[in-house]
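Participant: for reference, the sequence and a predicted model appear below.
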Amino acid sequence: MGVAGRPDVTCTLEKAGQELRSILLNSAEEMDRVGRDFEDLAHRMDVILNLAAEVIGCVEDERVSSILSKVQTLGTEAKKFIQERLLASGGILEIVTTEAKSLAHLSQLTRSQRSIARETQMLSVLTNIEVARLGDSGVGFEYLAHQLDDFSQSVAKDTKELTSNTDKRKVEIEETRRMLGIEEPRMREEFAQIEADLGDALAVVDHGLTELSGTPARFRSCVEEISGQIAGVVAAVQANDITRQQLEHVCEALRLISDEIRQVGGCGPEAGNSQSRISAGLAIQVYQLKSVRATVDDWVSQIRNCLGGILKISSSEVERIGPVVLDQERGLAQQLSRIEAIEQACQASAAKVEETFAALSTLMQLVSEHLEKSRAVRDRLQVLTFNSIIEASHLGTQADAILEISQSIKRISAMWSEMTEQSGKAKEEILGLVEQAKRKIDACSEAGRGGLQEAQAETRAGLENLRAAAVFASKQATEIEDRISELQARIATTGSAGDRLDACFAHIDTVLGEVEESRNQFESDSAGALGSREQAEVEAKLSPFYTTEIEREVMRAALCGAPLPEAQQIMAGNDVELF
Amino acid sequence: MKQILTVDDSSSIRQMVSFTLTKADYQVAEAVDGRDGLAKAGQQKFDLIITDLNMPNMDGIQMIAALRKLPGYGFTPILMLTTESQSEKKDEGRKAGATGWIVKPFKADQLIAVLQKLVK
C-alpha cells in the first residue's frame, strides 16, 4: 500500500519540524551563554597573558641580560688586580728582606759606635788622671779630657736612642716580612680559587640566561596556542550561525514536503514520480541533518579543546623566572663580596706595608741626624787627635801617657770615620729600598684598583637590577597563579558547555531517525531513482533555501547518493574578499 | 578610537565580532537588524560597518543601499559578513555599495588586518 497522503507521515514530519525549532531555540540560548562565558574566559586569559608578558619583558630587559658581560669584566679585573698584587707583593717581599739585612747591619754599626763611646769614656778618665799627675804642665789637657767625656756621653745617648728605634723597626720589618710571606701563598691560593669560582659563577649565569632566554619563546608559543584556541571558539560560535540556518532550512523543507505529501494521491506514474521526489527531498534533509550533526560535533569538540587548553595553562614557566634570577643574584653577590673582601685585605696589607715604610722613614731621619752628628764628632776627634799629639810632643817624655791616649783617639777617630761611612751607605741603601717599595705599592694601587672598582660598581648595579627583576617576577608569578586559579575555578563552572551543547543537539538524532524512517517508507513506494530532470526539479525547488555553500554541497551529494561532504574546517575561518 | 557598527540578528555573532574587534582596540556598537543598524548609523557616525545579509525587518543589502544615501556614509567601508557565498549575492552586495564580503566564519586576524587597512 502507498504511503502518499498518509497523515501519520505528515504528522511525523511536522513533529520533527517542531522538535528542530525547539533545538534551534535552546541551542541559540546555549550558544549565547557559551559566547558570554568564553568572552569572560578570554578576558581573564588576557589579564594573565599581560602579566606574564610583563615578566618576560623584565627578563628580556638589557639591564638583566647585561649581567653576564658585567660579571665577565669583574672577573677579568679581579684577576688582573690579584695578579698585580701578587707581583707587587713578591717584589715588596724581596725589598723587605734586603731591608731587614741592611737594618741589621745598621744596627750592628750603631752597637759598635756604642762600644767606641765606652772606650772614649775610659780615655777621658785616663786623661783626667794624667792631667792630675802632670800638675800645672798638664792643664792644657783638661780640655781634651772634657771633650772626650762630652763626646762619649753624647754618643752613648744618641746610639742608645738609635739602637732602640732600630730594634723596634727591625721587629716591624720582620712582622711585615712574615705577613707578606704568609699573604703571598694565600693570595695565590685565592687567585686560583677565585678563578675557578668565577668560572662556575659565569657558567651559572650563562646557563640561567640561556634558560631565561628560552622562556619568551615558550611563552610566545603558549600565547599562540591560546590565540589559536580562542580563534577556534570564535569560529565555532560563528559556525553555529550556519547550522542554525541549515536547521531552519530543514524545517522549511519538511513543511514543503509535508504539503506535497498531502497533495499526492492515487496510483500511476505521476504518483510514483511524486513519491520519488518526496523520497529525494527527505534524503536531502537526512543529509542536511547528518551534516549539521557532524558540524556540531566538530565545533563542540573545538570548544572543549579550548577549555581544556586553558585548563592546561600553568604558571610554572613564569614562576621559575623569579627563583632563577634570584639564584643568579645570590651566586654573583657571593662572588662580588669575596672579591671585595680580597680587595680590602690587599688594601689593609698595603696600608700595613706603607705604615712600616713610613716608620722606616722616621728612623732614617734619626739615622741622618745621627750621621750628621757622627761626622761632626769625626771632625772634632781628628782636631783633638792633632792638638793633643802636638801638645804632648811639647812636653816630651813627661807626656808619654798622653801621647798614648792621643794615638788611641786617632785610632778611634779612624774607626769612627769608617763606621760613619758604612752607616751612611746603609742608610742610603735602606732609603733606596723604601722608595722602590713605595713605588711598587703606589703603582699597583692606582692601576689595578681603578678598573676593579669600576667593574665592582657596575656589577653592584647589575645585581640591584637582578634583585628588582627577581622580586618583580615573583610578585607577578604569584598574581598569575592567583588569576589562573580563578580562571580554572571559572572553567569548572562553565566547563560543561560542551556537554550542554551535546545534550541540546542530541535531539537531532531523534529527528534524524524520524525523517529517515519516513524517507524509507517513501523510497520503497517510489518509482526508483530520480532521473536527471526530476533531480533538477528537486534542486530548483530547494535551492532558494540553501544560502550556504555547505547546504548546496550536501544537497548535491544527497541527490547523487554520494558520501556526506566533510564538515567545514571551522578552525580555518574565511578570508575577506574586498571589491 | 575608531567606531565600528556590527549588524547581525544573531547575538552570538555580534558578540564574537565585538570580542574580536574590542581586543584590537576598536569601539564596537551592535544592531540587531538592518533597520536597527540604519537607525544607529543615523544617530552616530561610524568609521566602518560590518553587516549580515539575511536579517528580519531589513536585510543587509537593503541597509547598505539606504546607508549610502545617508550624509557622511558615501565612502564609509561596509563589509558583508554572511553565510552566503553565491556570486549573484556578492554582485548584489557590491552594487548596493558593499566594500567587501566575508563568508562566516571570519578569520579574526585577517578581519583586523583588513579593518586596519580600511580604517586609517
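Facilitator: Great, that's in hand.
Participant: could you report the neighbour count for residue A:565?
Facilitator: Residue A:565: 16 surrounding residues under other CB atoms under 10 Å in any protein chain shown. C-beta: built from backbone N, CA, C; applies to glycine.
Participant: so the closest residue to it other than its chain neighbours is in which element?
Facilitator: Computed as CB to CB, 6 or more residues apart in numbering or on different chains, the closest residue to residue A:565 that is not its neighbour in sequence is residue A:553, at 4.5 Å. Taking DSSP states H and E as the criterion, residue A:553 maps to helix A:549-560.
Participant: next SSE downstream of that helix?
Facilitator: Following helix A:549-560 in sequence order, the next helix or strand is strand A:576-578 (DSSP H and E).
Participant: could you say what helices and strands that next one packs with?
Facilitator: Taking 3 or more CB pairs under 8 Å, 6 or more residues apart in numbering or on different chains; DSSP states H and E as contact, the helices and strands that strand A:576-578 lies on are strand B:100-103, helix B:108-118.
Participant: where does the residue most central in space within chain B sit: helix, strand or coil?
Facilitator: Residue closest to the average C-alpha location in chain B (CA atoms, centre = their mean): residue B:50, at 1.4 Å. When the structure is reduced to helix, strand and coil (DSSP: H, G, I helix; E, B strand; the rest coil), residue B:50 reads as strand.
Participant: which residues does it contact?
Facilitator: By CB atoms under 8 Å, 6 or more residues apart in numbering or on different chains, residue B:50 lies in contact with B:4, B:5, B:6, B:7, B:17, B:78, B:79, B:81.
Participant: go with 10 Å
Facilitator: Taking CB atoms under 10 Å, 6 or more residues apart in numbering or on different chains, we find residue B:50 in contact with B:4-8, B:13-14, B:17-18, B:21, B:28, B:37, B:60, B:77-81, B:100, B:102, B:106, B:111, B:115.
Participant: then residue A:112?
Facilitator: Counting by CB under 10 Å, 6+ apart, the residues that residue A:112 touches are A:159, A:415, A:416, A:418, A:419, A:422, A:423.
Participant: of those residues, buried ones?
Facilitator: Neighbour-count burial within the contacts of residue A:112 applies to A:159, A:415, A:416, A:419, A:423; the criterion is 16 or more other CB atoms under 10 Å in any protein chain shown.
Participant: compute the number of surrounding residues for the residue in the stretch 151-300 of chain A that chain B sits nearest to.
Facilitator: For the stretch 151-300 of chain A and chain B, the shortest gap (CB to the nearest CB) falls at residue A:238, measuring 3.5 Å. By the other CB under 10 Å criterion, the neighbourhood of residue A:238 contains 27 residues.
Participant: for residue A:281, see how far away it is.
Facilitator: As for residue A:238, its distance to residue A:281 is 29 Å (criterion: CB to CB, to the nearest Å).
Participant: check residue A:259 too.
Facilitator: In this structure, residue A:259 and residue A:281 are 11 Å apart, going by CB to CB.
Participant: neighbour count for those two, which is higher?
Facilitator: Applying other CB under 10 Å to residue A:259 and residue A:281 shows that residue A:281 carries more neighbours, namely 24 against 11.
Participant: before we move on, back to that, near chain A, from the contacts of residue B:50?
Facilitator: Taking CB under 10 Å from any CB of the partner chain as the test, chain A is in contact with B:8, B:13-14, B:17-18, B:77, B:79-81, B:100, B:102, B:106, B:111, B:115 out of the contacts of residue B:50.
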